[in-house]
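J.: heads up, no residue letters with this:
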C-alpha cells in the first residue's frame, strides 16, 4: 500500500523532547513514524505488555479463537511423528524456538521427547528477559534433567551463535502462526535469512493458519466476548502510560476485516470523532478525523500451495505436513538441502 500525506490529518511535531531512557526506543520510533503516516499504523509487536499478554491469554481460551486449540491438537496428535522426523538418522538435535514466550505449546513436544529419552537440547530465544527467566524456572521444575541453552537476543544473532557453537542438527520452531503477521515479501526475506544461518539437514517447523470459511476467521478476530477489541485498544493504553499520551480509549473502536481473496485478516482502531491526541513524551500532537483508522495488525492465512511455494522460493523443501482434524491449522516442516 502506498504511503501518502494528508494535510488534514498529518501529525504536528512540537518542541523536541528528551525521551526517558527507560522507554523502549522501538516503541518511540514506531509511534513517531507510524502516527505521521497516512493511513496511520502501529505494529502488532507492541501489543504484548503485561496487560496485553493477560488479555491474549484470555483470547486463547475463547471459544471463538480456534488457532491455539488447533495447533495444540496438531502438536499433541503428531508429536511422535515429529520426533521421528527430527531424529531421522539418530543424531542429537537442538530445538531452537524463536520467540519462546512461556513455551506453553512447546512443552507438549518437550514432555514427549523427554519421555522417549531423546538426545536433544532446548534453546529458547526471546527478547524479553523476564519471559525467558520465567520459562527457564518453570522448565527446570518440570524436567530437572532437561538440557537448556536459553538466549536473550534477537532471532538471527542467537541462531548464528548457536550454529557456531555446535554441529548438532538445528530444529527451529516458529509456532503460533506468527508468520501470518509478515507481508509476503517479508516472509520470503525471513526464511531466506533462516536459510543462510542453517546447515544442510537442519529443519524449520512453522505454524500456518490455513484458509477456511471466511466467517470462522472473521469471528476469531471479532469475538463475541470483546476480548480482541480490548486487546487492540490496550495498545493505546500502553502508549498513554509509556509515552505520556492522552488517547481516550472510549473515542476509538476496534474493526476487523477478512478478505478471502488474498487471505488477509486486518485489524484497525477507528477514531469515533474528530479529535487531537497529545503524545507528550515525543512532543507530538496527532489529529484524527472522524472515522480515521490506525492499522494495527495483519494476519495472513495460507493455502498448501502457497506454503510449498514459500519453501521453494527460499531454498527449503517441505518434508512434513501436519494438520488438526478440521484442517484449520498446519505445522509444517521445511528442510534445508
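T.: Noted; the coordinates are in hand. Note that this is a predicted model, so its numbers are computed, not measured.

J.: which residues touch residue 183?
T.: Contacts for residue 183 (CB atoms under 8 Å, 6 or more residues apart in numbering) come out as residue 298. Heads up, the C-betas are built off the backbone N, CA and C, glycines and all.

J.: do the same with residue 246
T.: Counting by CB under 8 Å, 6+ apart, residue 246 touches 240, 277, 278, 280.

J.: likewise residue 106?
T.: Residue 106 makes contact with 95, 97, 100, 122, 124, 173, 175, according to CB under 8 Å, 6+ apart.

J.: list phi and psi for it.
T.: Phi and psi for residue 106, reported as degrees, to the nearest 10, are phi -60, psi -30.

J.: quick one: the helices in the chain?
T.: Assigned by DSSP state H, the chain shows helices spanning 25-34, 50-61, 67-86, 106-115, 129-142, 155-165, 184-196, 214-220, 227-243, 304-313.

J.: what is the mean pLDDT for stretch 298-305?
T.: Confidence for stretch 298-305, expressed as mean pLDDT, is 97.

J.: now the end-to-end length of that stretch.
T.: The stretch stretch 298-305 measures 20 Å between its terminal residues, going by CA to CA, to the nearest Å.

J.: could I get the pLDDT score of the residue lying closest to residue 227 once chain neighbours are set aside?
T.: Once flanking residues are discounted, residue 227 sits nearest to residue 59: 4.8 Å by CB to CB, 6 or more residues apart in numbering. We have a pLDDT of 94 for residue 59.

J.: next one: the one 5 residues further on
T.: Predicted confidence (pLDDT) for residue 64: 96.

J.: can you check the one 4 residues further on too?
T.: The per-residue pLDDT reported for residue 68 equals 94.

J.: now it. Nearest residue, chain neighbours left out?
T.: residue 60 (4.1 Å).

J.: now do that neighbour against residue 71, distance only.
T.: Separation of residue 60 from residue 71 (CB to CB, to the nearest Å) stands at 10 Å.

J.: what of residue 113?
T.: Relative to residue 71, residue 113 is positioned 17 Å away (CB to CB).

J.: also residue 268?
T.: Separation of residue 268 from residue 71 (CB to CB): 26 Å.

J.: and those two? Which one has more around it.
T.: Taking neighbours as other CB atoms under 10 Å, residue 268 and residue 71 compare with residue 71 leading, 24 against 20.

J.: which parts of stretch 242-260 are buried?
T.: If you call a residue buried by 16 or more other CB atoms under 10 Å, then stretch 242-260 has these buried ones: 242, 243, 245, 247, 252, 254, 255, 256, 258.

J.: right, I mislabeled it, should have said stretch 323-330
T.: 323, 324, 328, 329, 330.

J.: could I get those as JSON lines with pLDDT?
T.: JSON lines is the format used below for those (pLDDT from 0 to 100):
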{"residue": "323", "pLDDT": "98"}
{"residue": "324", "pLDDT": "98"}
{"residue": "328", "pLDDT": "98"}
{"residue": "329", "pLDDT": "98"}
{"residue": "330", "pLDDT": "98"}
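
J.: of those residues, closest to residue 191?
T.: residue 330 (15.7 Å; CB to CB).

J.: right, I'll call it a day here.
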